[in-house]
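Novice: I would like to see how this sequence folds:
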Amino acid sequence: MTTARIGTDDPRMSRIVVHNGVVYISGQTDATAADIAGQTTNVLAKVDDLLSRAGTSKSNLLTASIWLKDINRDFLGMNGVWNEWVDPGNKPVRATVEAALARPQLLVEVQVTAATE
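Specialist: Got it, this is the predicted structure:
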């Protein structure tokens, strides 16, 4: 049983944990874009970067958890970006829920797990 922790500069958490061939990433948010499409695009770019740092990619996704500040307003916009991003031949299981996020400007948070390549 092996565990590797990557991106441990945050005192609260690791950005990535790899355990027995499974990559877990911390929840990713973006406060730079003003709308759901921009935030989702930026968040998924962060997900790609973290998966790459762990030696894997979105083609190996297993699960995705998505939190939206306002699911009625933003579900379709987030899904449009997600559908363009996700590997259509390797879609993960996914849950999307509405939640109060950590800061008022955040509209979406995404956390995924993936198999290592």
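Novice: what is the neighbour count of Ile36?
Specialist: By the measure other C-beta atoms under 10 Å, the count of residues near Ile36 is 22. Backbone N, C-alpha and C define where each C-beta goes, glycine included.
Novice: check the offset of stretch 4-14 from the chain's centre.
Specialist: Using C-alpha atoms, centre = their mean, to the nearest Å, the distance from the centre of stretch 4-14 to the centre of the chain it belongs to is 16 Å.
Novice: who's in contact with that stretch?
Specialist: Identification of contacts with stretch 4-14 by C-beta atoms under 8 Å, 6 or more residues apart in numbering yields 15-19, 26, 50, 53-54.
Novice: buried subset of these, written for ChimeraX?
Specialist: Buried members of the contacts of stretch 4-14, defined by 16 or more other C-beta atoms under 10 Å, are picked up in ChimeraX with:
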select :15,16,17,18,26,50,54
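Novice: let's have the contacts of stretch 4-14 in a markdown table, adding pLDDT and secondary structure.
Specialist: Shown next, in a markdown table, are the contacts of stretch 4-14 (pLDDT from 0 to 100; DSSP: H, G, I helix; E, B strand; the rest coil):
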| residue | pLDDT | secondary structure |
| --- | --- | --- |
| Arg15 | 95 | coil |
| Ile16 | 94 | strand |
| Val17 | 95 | strand |
| Val18 | 96 | strand |
| His19 | 96 | strand |
| Ser26 | 97 | coil |
| Leu50 | 97 | helix |
| Arg53 | 96 | helix |
| Ala54 | 96 | coil |
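Novice: and which of the contacts of stretch 4-14 is nearest Asn83?
Specialist: For the contacts of stretch 4-14, the residue nearest Asn83 by C-beta to C-beta is Leu50; the value is 20.6 Å.
Novice: nothing else from me, thank you.
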